[in-house]
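Student: with the sequence up front, the predicted model follows.
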Amino acid sequence: MSWTDKLRTRWNVGTTKQVFIILLVFACTGFTVYFLKKPLFNYLFDGGSRPLWFTILYYILILPVYNILLLLYGTVFGQFNFFWQFEKNFFSRLISIFRSKQTHTKK
């Protein structure tokens, strides 16, 4: 079984072409986040050093921005349903992790 077949099975998609489109969406989203970071920092801090608080804030806020971009690119490439389901699964796993940590800390 090839790696594309494994991804097709894991993601429950119909064709290898769809696997490549999904990978393209992930790549476009990642590059967009990467290419927006430097101009944003330079605009806000005139190319100087960035305070630690801003770097921390950036990494906290990048999660929702990345997920919104993922849905936007998914829509552009005709894969909105896949990425909407992907986002719902991602956030349900994230919430369950937080809930399990809260349960462990209460004991």
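Tutor: Received the coordinates, thanks.

Student: residue 30 - how many residues pack around it?
Tutor: Look at residue 30: counted by other CB atoms under 10 Å, it has 13 neighbours. To be clear about C-beta, it is placed using only N, CA and C from the backbone, and glycine gets the same treatment.

Student: next one: the one 4 residues further on
Tutor: Around residue 34 sit 9 other residues, with neighbours defined as other CB under 10 Å.

Student: what about it, distance to residue 28?
Tutor: 11 Å (CB to CB, to the nearest Å).

Student: longest helix in this protein, please.
Tutor: helix 16-45 (DSSP state H).

Student: point out where the chain drops to low pLDDT.
Tutor: 47, 104-107 (pLDDT under 70).

Student: how about a cut-off of 80?
Tutor: Along the chain, the model assigns pLDDT under 80 to residues 46-50, 98-99, 101-107.

Student: what segments of it are helices?
Tutor: Ranges of helices in the chain, per DSSP H, are 3-11, 16-45, 52-76, 80-106.

Student: in the shortest one, what counts as buried?
Tutor: Buried positions in helix 3-11, judged by neighbour count with 16 or more other CB atoms under 10 Å: 7, 8.

Student: using CSV, write down the CA coordinates of it.
Tutor: What follows is helix 3-11, C-alpha atoms only, in CSV (Å, rounded to 0.1, in the frame of the first residue of the first chain):
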residue,chain,number,x,y,z
TRP,A,3,1.6,6.4,1.2
THR,A,4,-1.2,8.1,-0.9
ASP,A,5,-3.4,5.0,-0.4
LYS,A,6,-2.7,5.2,3.4
LEU,A,7,-3.7,8.9,3.5
ARG,A,8,-6.8,8.1,1.3
THR,A,9,-7.8,5.5,3.8
ARG,A,10,-7.0,7.6,6.9
TRP,A,11,-8.8,10.7,5.6
